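K.L.:
need a 3D model of the following:
(one chain, ligands or ions: 2)
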Amino acid sequence: MAEEYYKEISIDGITPELFPNVAVYLKTGGTNYMLYKPHGSQMTADDLERLQRRSEFIYVRTGDMEEVSAYQEENLANLLGRKDLKSLSRGKILFQICADYTGEVIESPPKVKEVGRCRNLVQQINWFVSHDKEAMAALKAVAAVNPYNIVHGVQVATLTLLMHSRIFPKIIGAPLEDVGIGAMLLDMGMALGDSDPGGSAGSLSHHEYQMMKLHATMGYDFLNRMGGFSNATLSVVHYHHERYDGKGYPDHLNGEAIPKGVQLAALCDSFTALTSERGYRKAVTTEQALQTMKGSTGAHEPILFQSFEKIVREVKY
Ligand SMILES: [Fe+2]
Ligand SMILES: [Fe+2]
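P.N.:
Residues are numbered from 1 along each chain as shown. Ligands and ions are numbered 1, 2, ... in the order given. I've put the predicted structure just below:
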C-alpha cells in the first residue's frame, strides 16, 4: 500500500529554509506520487509558493520521517507562535506532529526512550489548549484523518491537560506535564506482545478481553524498564483502567488510592473512546457519551465527573 511508504505533511507548517533536505513528493491521485524535489536539494521560498498553489500537502518517504520529525519538533514553538497562520492551521500542525510521534512509538516502542520529545510535545499541547479557542476543532480535524490507535493518546493527553489545568490550576509545570506524558502513552502496552485484540471484530471473546487487560501492566513495565519516567507518568499508564469503586484493573485500587491525575486521564480515556469511531462500533455524540459514563455508576468520583462534564460542554468537544 502506497500509504506505508509516503507520509503526508501539511504545507502550512513549512518554513522552507529550515526544511530538511529530503526528497519531496506530490500526490498525483490515488496511490500515485511524483517526485517534486530530490534528496539533497534545499527547499526555497519559491518552491513553497509553487507547492501552496498545487496542494495542501506534500509527501516524504517514511524512511525520511525521522529527520522531518526532528525538524518539526524543534521548530514547533516557533510554528505555534506564527501570526501569519490561522489558529486552526497551527492546531492541526501541532496535533498531527503529536500523532506522528505516537505513531512512531507504537511502531517502535523503544523510541519512548527519548522522553524529552514527548515532554516537548506535551508542553506545546498544554500551551496551545490554554491559549487557543480552536484547539478542540483542530484536534477533531486531526483525529478524523488518523487511525484511532495512533491518535487516541494525543486526544487523551490534550483533554487531560485541558481538564487538569482547569480543575487543579495550582498544579503546573513538570508535575502537570508528567500526567500529560502518561496520558499520551497510556495505551502503548497495546503495541507490546499479544495484548492488541485488533479491534476489528464485534465484542471481544473472554480470552481476548483477558489479553487486552494486560496492556496497562505491560505498558507500565515497559516504561519502567526504559527509565526516565516519573511516578506520576507511570501511574497514569498502570492505573488508567482502575475504577473509583475498586472494580477496575489491574490492582483493584479504589477511591483516593487512585491519584487524581490518573482519575482524570481515565475519564478522558473513556470519553475519547466513546466519541470515536472504532472498527466494531460507531462514535456516539458528546451527550450520549456523558450519559453512558453517568450510567456507569461507581466508575468515577462523582464531583470530579461533574467538573469534567461541565468543561466538556464548555469546550464543545
Ligand atoms: Fe487503556
Ligand atoms: Fe484507551
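
K.L.:
what ranges does the stretch 51-200 of the chain have for its strands?
P.N.:
Using DSSP state E, counting those that start in this stretch, the strands assigned to the stretch 51-200 of the chain run over residues 57-61.

K.L.:
run through the helices of it in chain order.
P.N.:
Taking DSSP state H, counting those that start in this stretch, the helices of the stretch 51-200 of the chain run over residues 65-74, 76-81, 87-107, 115-131, 135-144, 148-167, 174-184.

K.L.:
okay, the angle between the last one and helix 148-167?
P.N.:
Here helix 174-184 points in a direction 150 degrees away from that of helix 148-167 (axes from the mean of the first three to the mean of the last three Cα atoms, to 10 degrees).

K.L.:
can I get the CA coordinates of helix 174-184 in CSV?
P.N.:
These are the backbone C-alpha positions of helix 174-184, laid out as CSV (Å, rounded to 0.1, in the frame of the first residue of the first chain):
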residue,chain,number,x,y,z
ALA,A,174,6.6,19.3,35.4
PRO,A,175,4.0,17.7,37.6
LEU,A,176,1.3,18.6,35.1
GLU,A,177,3.4,17.6,32.2
ASP,A,178,4.1,14.2,33.8
VAL,A,179,0.4,13.4,33.8
GLY,A,180,0.2,14.6,30.2
ILE,A,181,3.0,12.3,29.2
GLY,A,182,1.3,9.3,30.9
ALA,A,183,-2.0,10.2,29.1
MET,A,184,-0.2,10.4,25.7
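
K.L.:
report whether whichever helix or strand comes after that helix contacts ligand 2.
P.N.:
Per DSSP states H and E, the first helix or strand lying C-terminal to helix 174-184 is helix 206-213. No. For helix 206-213, no contact with ligand 2 is found by Cβ under 5 Å from the ion; the gap never falls below 10.4 Å. In short, each C-beta sits where N, CA and C put it, glycine included.

K.L.:
now stretch 206-217: mean pLDDT?
P.N.:
For stretch 206-217, mean pLDDT is 87.

K.L.:
list the buried ones in that stretch?
P.N.:
Within stretch 206-217, the residues scored as buried using 16 or more other Cβ atoms under 10 Å are 208, 211-217.

K.L.:
CA atoms of stretch 248-264 as PDB?
P.N.:
The C-alpha coordinates for stretch 248-264 follow below in PDB (Å, rounded to 0.1, in the frame of the first residue of the first chain):
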ATOM      1  CA  GLY A 248     -11.300  -1.900  37.700                       C
ATOM      2  CA  TYR A 249      -7.900  -3.500  36.800                       C
ATOM      3  CA  PRO A 250      -5.100  -4.400  37.200                       C
ATOM      4  CA  ASP A 251      -4.800  -3.900  41.000                       C
ATOM      5  CA  HIS A 252      -8.500  -3.100  42.000                       C
ATOM      6  CA  LEU A 253      -7.400   0.200  43.600                       C
ATOM      7  CA  ASN A 254     -10.300   2.300  44.900                       C
ATOM      8  CA  GLY A 255     -11.200   5.800  45.900                       C
ATOM      9  CA  GLU A 256      -8.400   8.200  46.500                       C
ATOM     10  CA  ALA A 257      -5.800   5.400  46.300                       C
ATOM     11  CA  ILE A 258      -6.100   6.300  42.600                       C
ATOM     12  CA  PRO A 259      -4.200   9.600  42.100                       C
ATOM     13  CA  LYS A 260      -6.400  12.500  40.900                       C
ATOM     14  CA  GLY A 261      -4.400  12.900  37.700                       C
ATOM     15  CA  VAL A 262      -5.000   9.200  36.900                       C
ATOM     16  CA  GLN A 263      -8.700   9.600  37.600                       C
ATOM     17  CA  LEU A 264      -8.900  12.500  35.200                       C
END
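
K.L.:
which residues are contacting it?
P.N.:
Residues from elsewhere that reach stretch 248-264 (Cβ atoms under 8 Å, 6 or more residues apart in numbering): 160, 163-164, 167-168, 171, 178-179, 182, 213-214, 216-217, 232, 235-236, 238-246, 266, 299-301, 304, 308.
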